[in-house]
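Enquirer: dropping a prediction and its sequence here:
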Amino acid sequence: MHAIGTLGPVTRGSPGEVSIEGLYRAHGTRLVRMARMFVADRSAAEDLVQEAFIRFHRTRHRLRDPAAAVGYLRSTVLNLARDHNRRGLMSLRHIDAHPVGSMGPDPDDAALLDEEERALLAALGDLSPRQRDCVVLRYYLELSYDEMAATLGLSINSVKTHLKRGMAALRERMEQKR
């Protein structure tokens, strides 16, 4: 993942230029943390974010509004995580120990999480993909409803519905685990 940071400033060459290095420095870690909420290990999350920056680099010339760059990266990471989980579930469907896409911690993370955090990650993994997306984007990344709708390609009302249902399901699952 560190290869992106070594590219140096890559810009559009216009007054509203987009620096990939600047975007990476400002948002790379947060994007990896977001991806980690959707995939089973840190390495996969880092790879997904790197791929998102590579795709952004290839298509940044089409970006009309430089302020939309972060939203584009968030959407790309989210879509790549979904694809990663779909591929992983198909190829690893017979492995029971720790299926790809489950929200359990990988060995590197296990020591850093307390019991309640592990329970919360497991409960997030039990939500539908849209509910999990909305909960993570709202409460982890603290996005507005407008930003969430743009990232997910949904209406604001759909985002609110998925978020409400996701939070209700999370509360129920967390109460069951107590």
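Expert: Looks like it arrived, so ask away.

Enquirer: what separation do you get for Leu73 and Thr151?
Expert: From Leu73 over to Thr151 the distance is 10 Å, taken as C-beta to C-beta, to the nearest Å. In short, each C-beta sits where N, CA and C put it, glycine included.

Enquirer: my error: substitute Leu143 in the last question.
Expert: 7 Å.

Enquirer: and those two? Which one has more around it.
Expert: For Leu143 and Thr151, the more surrounded residue by other C-beta atoms under 10 Å is Thr151, and the numbers stand at 24 against 20.

Enquirer: next up, the contacts around that one.
Expert: Gly71, Arg74, Ser75, Leu78, Leu137, Leu143 (C-beta atoms under 8 Å, 6 or more residues apart in numbering).

Enquirer: circling back to that earlier point, any common contacting residues for Leu143 and Thr151?
Expert: Leu137.

Enquirer: wait, Ala123 sits on Ala168?
Expert: No: using C-beta atoms under 8 Å, Ala123 is not in contact with Ala168, being 11.8 Å away.

Enquirer: more neighbours, the two?
Expert: Ala123 (20 against 11).

Enquirer: got the contact list for that one?
Expert: So Ala123 contacts Met103, Ala169, Leu170, Arg173, Met174, Lys177 (C-beta under 8 Å, 6+ apart).

Enquirer: repeat that with 10 Å
Expert: Shown in contact with Ala123 (C-beta atoms under 10 Å, 6 or more residues apart in numbering): Met103, Arg132, Val135, Ala169, Leu170, Arg171, Glu172, Arg173, Met174, Gln176, Lys177.
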